[in-house]
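Q: Got a predicted model here, sequence first, then my questions.
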Amino acid sequence: MKRADRETGSGATLRAARWRTGPVVASVAGAALVVLLGVTTVLPRPTVAGLLGLVVVAICLAALYHATVAESFAPVAVTFWAFVGVWVGFAPLLQIRDRRLPWPDLPLYQHYVTAQVILILAVTAYWAGYARRLPAPRQVSSGRLRVTVEKAIVLTGLALVMAVVCLPRTGGLAVRFTSRDDLQRAIEQAGLRGGQDLALLGLFSTLPAATSVVALILCLLCWRNRGYADARARLILALATAVAVALNLVYNNPLTANRFSSFSVMLAAGLALVRLRRQRWRTLFSVGMLLGLAVLYPLANLFRNDRSRGNLRLGLDAYYTWDFDGFQQTVNAAFYVDSQGHTWGHHLISALFFWVPRSLWEGKAIPAGNVVADSRGYEFQNLALPFWAEVFVEFSLVGVVVLFFCYGKLARRLDRALNSSPAHLPVALAVIFAACQIGLLRGPLGAQIPFVGAAFVVLLVGVLGWRGRIWGLTRPDETAATAGATGPAAEPGEPAEPATEPSEPAEPAAESSEPAAEPTEPAAESTEPSEPAEVPR
């Protein structure tokens, strides 16, 4: 046997060994972590709610591991499991142990178990839906679905025009780099906040911000797939990308935008531009999501206002603040249903039709988080309401199971779409959903859907509205598909890889049949309780 063949065979053996031992090591580490959490958080003050919370953490860790080592990169699943595991998995263990919830009120111990049951049903239904085998993907052949350089340029130009027209109506450019309080005062002085009707605010602030995000995503997808036809097209695309980045710095910077919008833009940019093909980068992505949500998420209060900076808490003390009030709001939702009953879709329909002014729809509901907080007598009512809690308020436990099962199936489809080589509409939809998912999970939908919904509508209209190759700036489909297969942007620090790797010697057939030594992983993301939402309702 030649030396090269021996080296190739030994490399294959090592990769196969890693593949076999990886799940064992992960299982032992996960079990040890769950036991450690049980000893430190549940055992000192044993409760049924605390034990169920430990079950939630175990489910999230197991599902996150499976998503991380999946056959392909799965950012939607990773984002979901990382957020749930930190926000309503780990944090409630501390809160229940110390009987210290974020919002001071009379404790509702009788609803703690109900809140945990709602969450367990939601995550198990989601996992079951995600695990369902999908039919073979259909070939996307319509040129109208393709993301082209022309479409990216047009949407960027539209976002720029919106900014020029709308910025003076919302306080000007300078106020966007001051503080959130200053921006809110400028908006009120402009008369864009009329009671609970925020239709004008959505038109002049939310819509330009959403259009800027979509423009940036389309530009970056064109770069990832090298969809430009020649040097002239590449230069024009570079200028459009620079404009899109500048617009997002104006509208979605952490100084005046809520942290979920800022985080969503950064995550969307990364997902649109970079393909995480290698397992080590996917693992780092999952670990980064966990650490970001556990450590950096509370630190984002530094950008809010002086009061938030003064009340900033670090370490474990941060998990007792309103940044982690998801469990308490789920408890409050159980109390609301017990006293008021289910609302049967009223808040969901109102959220979907956020663009209808209250002057035309007097019965339009306010966000469900406000209603639940009001039922507990809170003075400040613009709070988070986890998605599963809102579904429970609207449609009962049956609705939670059915909707989260469908949610899991949708997430699986989006993750698969994100790994397709050509830049088409499904890829862009997957990027936006994966990036904005944390805000939707945190809720309430009435406060989150306006921004996310506007982004989806702009994307659908911008991509489906025309074929978008009229200026000859985009490569033909087959050329772009080939370029997409090589990937313009590989993992950080690594050059883009060709479809085949000529630098590596051919390996024996035995290796081709072995399981992928470096599986793929999904991605994780947040919503925010105490921030007023700049969206029409």
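A: Great, that's in hand.

Q: Give the buried residues for the host helix or strand of residue 210.
A: Residue 210 belongs to helix 207-224 when assigned by DSSP states H and E. Using 16 or more other C-beta atoms under 10 Å as the test for burial, helix 207-224 gives 207-224. Quick note: C-beta positions are derived from backbone N, CA and C, even for glycine.

Q: after that helix, next one along is what?
A: Sequence-wise, the next helix or strand downstream of helix 207-224 (DSSP H and E) is helix 231-251.

Q: Distance from that next one to the middle of the chain?
A: On the basis of C-alpha atoms, centre = their mean, to the nearest Å, helix 231-251 is displaced by 24 Å from the centre of the chain it belongs to.

Q: and the angle for it with helix 207-224?
A: Counting by axes from the mean of the first three to the mean of the last three C-alpha atoms, to 10 degrees, helix 231-251 lies at 140 degrees to helix 207-224.

Q: How about helix 231-251, which residues are buried there?
A: For helix 231-251, using 16+ other C-beta under 10 Å, the buried residues are 233-234, 236-237, 240-241, 243-245, 247-248, 250-251.

Q: packing partners for it?
A: Judged by 3 or more C-beta pairs under 8 Å, 6 or more residues apart in numbering; DSSP states H and E, the packing partners of helix 231-251 are helix 149-166, helix 207-224.

Q: Heading C-terminal from it, find the next helix or strand.
A: Per DSSP H and E, the first helix or strand lying C-terminal to helix 231-251 is helix 259-273.

Q: list the contacts for residue 87?
A: 293, 324, 326, 441, 442, 526 (C-beta atoms under 8 Å, 6 or more residues apart in numbering).

Q: Now secondary structure too, for those, in CSV please.
A: Below are these laid out as CSV (DSSP: H, G, I helix; E, B strand; the rest coil):
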residue, secondary structure
293, helix
324, helix
326, helix
441, helix
442, helix
526, coil
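
Q: Columns pLDDT on top of the residues you listed, output as CSV?
A: Compiled in CSV, those are given as follows (pLDDT from 0 to 100):
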residue, pLDDT
293, 88
324, 93
326, 95
441, 95
442, 94
526, 38
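
Q: Residue 256: which of those residues is nearest?
A: Nearest to residue 256 among the contacts of residue 87: residue 526, at 17.5 Å, using C-beta to C-beta.

Q: Compare the contacts of residue 87 and tell me which is most surrounded.
A: Sorting the contacts of residue 87 by how many neighbours each has (other C-beta atoms under 10 Å) puts residue 326 first, at 31 neighbours.

Q: Okay, now the unreliable bits of the stretch 351-500 of the chain?
A: Residue ranges of the stretch 351-500 of the chain with pLDDT under 70: 421, 477-500.

Q: what are the ranges of the helices in it?
A: With DSSP state H, counting those that start in this stretch as the criterion, the stretch 351-500 of the chain has helices at 368-375, 387-418, 425-442, 445-464, 477-486.

Q: So which of the ones you listed is nearest residue 28?
A: That would be helix 387-418 among the helices of the stretch 351-500 of the chain, by C-beta to C-beta, at 27.2 Å.

Q: just the angle between the closest one and helix 445-464, please?
A: Using the same axes, to 10 degrees: helix 387-418 against helix 445-464 is 20 degrees.

Q: ok now helix 387-418, how far from the chain's centre?
A: Remark: helix 387-418 is offset 14 Å from the chain centroid, using C-alpha atoms, centre = their mean.
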